[in-house]
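**Q** sequence and predicted structure are below.
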Amino acid sequence: MAKPLNILFVASEIYPIAKTGGVADVAFGLPLALRDLEHDVRVMLPKYGAISERKNRIHEINRLKDIPITVGEREELATVKSSSIVNTRTKVQAYMTTNRYYFDSKWGLYSDPETGEDYADNDERFIFFSRSVIQTCLLLGWFPHIVHCNDWHTALVPMYMKVLHPDKFKNTKVVFTIHNGTNQGVFPFKDTFKKTGLPDSVAEDVKHKNKFNFLKAGLLYADHITTVSETYGKELLNDAELTNGLHAVLKKRKEVFTPIINGIDTTIWSPEKDKLISKRYSLDTIEKKDDNKQALLAKFSLDYKEHVPVIAMISRLVEQKGLGLLRQAAEVLFRQDIQFVVLGEGDKDIEDWLKSLATSYPNKVGVKIGFDEPLSHLIEAGADMYLMPSLHEPCGLNQLYSFAYGTVPIVRATGGLIDTVQEFDPKAKTGNGFVFERYNANEMLESIHRALNTYNNKELWHTVIRNGMTEDHSWNYSSKKYEEIYRKLLMPA
């Protein structure tokens, strides 16, 4: 039997401690799935101001107090504390970087919740965090077999390991996962490079289009690069606009680039076990989904109507998620006998437009601005259909949650959406959702109409639901793919 590996999983957010999007769910589900495979897995993230020490049972570690870390001209102290992430099966230790100036005093993860503006010192914050990851390993004398980094916020970690501490980390390999290749951590070059403390000899490795680019460091210094779906992998290699030109860097490393679809943690996302929904159910008791629909509509102050389908969205409210298509299609869409609920936050003008939509269609549209984890579970359990009309979607997790809850996804053919959702064929009775190809409001409306027509045929609708609910979208497959990559990296050359 192969020996267990020591793995440090580094991310800027991890559910349930800190979450703005899918990275947090992956940084929760994958480490726990790897722990189930008997590996020694630990995770690390910053402790932002909104994180409660009491609620998350965060405590101090004697060896990791008051660690001096230099960022440019500034020296700040990091104290790395300990917590854990758990599901019903297992538990993983979490290290959390605390610092008053960079994290404790700021309530948001990346932006000010009051203004919605990104913090001006995000470059410093994630330089500081990356250096704290290195210092934690050095002070603990723990040099994992694998350090698994995620997105631009952690992309300097492999560079620090290999440029500043090559001897200490000589037996450590780095995997870097791109969850969103559009967000690259771009800052003015001269100022940000000075803050890193890296030698001038490596300046070109973080320079892209005359800017400092965090993501480029991850692409160049990781031993292996992954992304979160097959189709998104192809898009990253070929789409100059999507990648801001970094596709050329990735192409040079395509021999060490592997797309692996995300999974979901089925101890958290399962209608049979979910404590956050109104009534638990399975495929055999699918009629109880209706109780959740009633509870959901009550939350949004909408009347329950037995044969009227509820379409839902949980999303960052930005153009990339297809909100522009929704705006174009609204007048035609809401002539239909449907109800629509949306949960999310994002661009102020989109938030304002959705609120005005709810005012215009008070019996059809419910809107909640903000992030609400319990409500997101009830939405998955109570909605009939789930709309994801994204311009780009690296993987998408909500269509996977939707399958588990018997909620039928309607998606655009991009990234992980087209890799997981297949158009329902009423003759062959195959497929698990409804798909439209082009980023176009009319095509989206046509796919919604196909879903509504199918909904009106009870037998066919039950077939679509069954097709989705009987698929395995857990981490079982993907965690083993990651394990394979880790072991291959550690094999003697």
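**A** Perfect, I can see it now.
**Q** any regions of this protein where pLDDT drops low?
**A** Applying pLDDT under 70 to the chain flags the ranges 1.
**Q** mind doing that once more with 80?
**A** Across the chain, the ranges flagged by pLDDT under 80 are 1, 493.
**Q** grab the longest helix from it for me.
**A** helix 122-140 (DSSP state H).
**Q** mind listing what's buried along that one?
**A** Buried residues in helix 122-140, counting neighbours by 16 or more other Cβ atoms under 10 Å, are found at 122-137. The way it works is simple: take the backbone N, C-alpha and C, and place the C-beta from them, glycine included.
**Q** ok, of the residues you listed, which one's closest to residue 325?
**A** residue 122 (30.0 Å; Cβ to Cβ).
**Q** isn't the closest one right up against residue 112?
**A** No. Using Cβ atoms under 8 Å, residue 122 makes no contact with residue 112, being 11.0 Å away.
**Q** distance between stretch 272-285 and the chain's centre?
**A** 24 Å (Cα atoms, centre = their mean, to the nearest Å).
**Q** go on, stretch 292-306?
**A** Counting by Cα atoms, centre = their mean, stretch 292-306 comes out at 28 Å from the chain centroid.
**Q** and the residue located most distally from the centre of the chain, helix, strand or coil?
**A** The centre of the chain is farthest from one residue, residue 427, which by Cα atoms, centre = their mean lies 35.3 Å away. Assigned state for residue 427: coil (three-state reduction, DSSP: H, G, I helix; E, B strand; the rest coil).
**Q** contacts only, for it.
**A** Neighbour list for residue 427: empty [criterion: Cβ atoms under 8 Å, 6 or more residues apart in numbering].
**Q** and the gap between it and residue 468?
**A** Distance, residue 427 to residue 468, using Cβ to Cβ, to the nearest Å: 18 Å.
**Q** now residue 89
**A** For residue 89, the distance to residue 468 - Cβ to Cβ - is 24 Å.
**Q** one more: residue 149?
**A** Taking Cβ to Cβ, one finds residue 149 at 32 Å from residue 468.
**Q** do you have the helices of the stretch 351-493 of the chain handy? List them.
**A** For the stretch 351-493 of the chain, the helices defined by DSSP state H, counting those that start in this stretch occupy 373-382, 398-405, 415-420, 441-455, 458-469, 476-490.
**Q** can you redo those helices as JSON lines with distance to residue 256 and mean neighbour count?
**A** JSON lines is the format used below for the helices of the stretch 351-493 of the chain (distance: least, Cβ to Cβ, whole Å; neighbours: other Cβ atoms under 10 Å):
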{"stretch": "helix 373-382", "distance to residue 256": "35", "mean neighbour count": "22"}
{"stretch": "helix 398-405", "distance to residue 256": "27", "mean neighbour count": "26"}
{"stretch": "helix 415-420", "distance to residue 256": "21", "mean neighbour count": "25"}
{"stretch": "helix 441-455", "distance to residue 256": "37", "mean neighbour count": "18"}
{"stretch": "helix 458-469", "distance to residue 256": "34", "mean neighbour count": "17"}
{"stretch": "helix 476-490", "distance to residue 256": "9", "mean neighbour count": "17"}
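**Q** let me know which of these is the nearest to residue 243.
**A** Of all the helices of the stretch 351-493 of the chain, helix 415-420 sits nearest to residue 243, with 13.1 Å by Cβ to Cβ.
**Q** pretty sure residue 451 sits against residue 411.
**A** No. Using Cβ under 8 Å, residue 451 is not in contact with residue 411; the gap is 10.7 Å.
**Q** between these two, which contacts overlap?
**A** Common neighbours of residue 451 and residue 411, counting by Cβ under 8 Å, 6+ apart, are residue 434.
**Q** for residue 263, which of the helices of the stretch 351-493 of the chain is the nearest?
**A** helix 476-490 (4.6 Å).
**Q** which elements pack onto that closest one?
**A** Under the contact definition 3 or more Cβ pairs under 8 Å, 6 or more residues apart in numbering; DSSP states H and E, helix 476-490 sits against helix 22-36, strand 146-150, strand 173-178, strand 224-227.
**Q** tell me the one of the buried residues of helix 122-140 nearest residue 98?
**A** Nearest to residue 98 among the buried residues of helix 122-140, with distances taken as Cβ to Cβ, is residue 132, at 9.2 Å.
**Q** can you give me every residue that contacts the closest one?
**A** Taking Cβ under 8 Å, 6+ apart, one finds 67, 69, 78, 80, 97 in contact with residue 132.
**Q** now the first one: how far from residue 95?
**A** Going back to what we said before, that points to residue 67. Counting by Cβ to Cβ, the gap from residue 67 to residue 95 is 12 Å.
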